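S.K.: got a predicted structure here, sequence first:
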Amino acid sequence: MKFVVEVSNVQAINSPTLRGRFDLQYGGIKILGMLAFAKDGKRWVSFPSQVHEDEGGKHYTPILKAATRDSWDRLQEFCKADPAIKALLADSAAPEPAQPNEEDLPF
């Protein structure tokens with residue numbers, strides 16, 4: 001089965017760790033507000049999360065979760081391979097969204 005997987009609406013964020021946000025279309029599901037991070041030579045993406053505060057400060061609770069570690073790792077690699085996300089994580093000024101592609105279920 002083929003699914004369309006597309007990164008869109010890429011927005012750079014000027015923060016030391018949070019580099020940007022983007023949307024991820026995965027088949028018939030669109031995940032709004034994916035996040036791209038970079039710190040100490042590491043780069044990763046994250047599902048959107050809900051923030052809540054208490055006396056200890058801000059805490060973030062994920063809204064979505066990958067079912068397996070393998071699925072999560074493949075999602076990371078797919079997103080980080082996208083040219084627009086690569087540009088965000090490399091501090092490029094204006095990343096261009098990649099064209100949609102069709103491929104077998106990548107994660």
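M.R.: Here it is on my side, so go on. Since the model is a prediction, treat every value here as computed from it, not as a measurement.
S.K.: please name the residues that touch the spatially closest residue to Pro48 that is not a sequence neighbour.
M.R.: Leaving out its chain neighbours, the residue that sits closest to Pro48 by C-beta to C-beta, 6 or more residues apart in numbering is Gly33, at 3.9 Å. (Each C-beta comes from the backbone N, C-alpha and C, glycine too.) Going by C-beta atoms under 8 Å, 6 or more residues apart in numbering, Gly33 touches Arg21, Asp23, Pro48.
S.K.: ok, the residues you listed vs Pro83, which is closest?
M.R.: Asp23 (15.5 Å; C-beta to C-beta).
S.K.: distance of the closest residue to the closest one other than its chain neighbours relative to Lys42?
M.R.: Nearest residue to Asp23 in three dimensions, chain neighbours excluded: Asn9, at 4.4 Å (C-beta to C-beta, 6+ apart). Separation of Asn9 from Lys42 (C-beta to C-beta, to the nearest Å): 24 Å.
S.K.: just want to know which of these two has more residues nearby.
M.R.: Here Asn9 and Lys42 are set side by side on neighbour count (other C-beta atoms under 10 Å), and the busier one is Asn9, at 15 against 9.
S.K.: all strands for this protein, in order.
M.R.: 2-12, 18-26, 29-39, 42-46, 49-54, 57-62, 101-104 (DSSP state E).
S.K.: any idea which of those strands is most buried?
M.R.: Comparing the strands of the chain by mean neighbour count (mean count of other C-beta atoms under 10 Å), strand 18-26 ranks first with a mean of 20.
S.K.: in its sheet, what does that strand sit against?
M.R.: Here strand 18-26 has these sheet partners by DSSP bridges: strand 2-12 (antiparallel), strand 29-39 (antiparallel).
S.K.: those strands: which one's closest to Asp70?
M.R.: Checking those against Asp70 by C-beta to C-beta gives strand 2-12 as the closest, at 16.7 Å.
S.K.: so the closest one versus strand 42-46, what angle?
M.R.: 110 degrees (axes from the mean of the first three to the mean of the last three C-alpha atoms, to 10 degrees).
S.K.: how distant is strand 2-12 from the center of its chain?
M.R.: On the basis of C-alpha atoms, centre = their mean, to the nearest Å, strand 2-12 sits 9 Å off its chain's mean C-alpha point.
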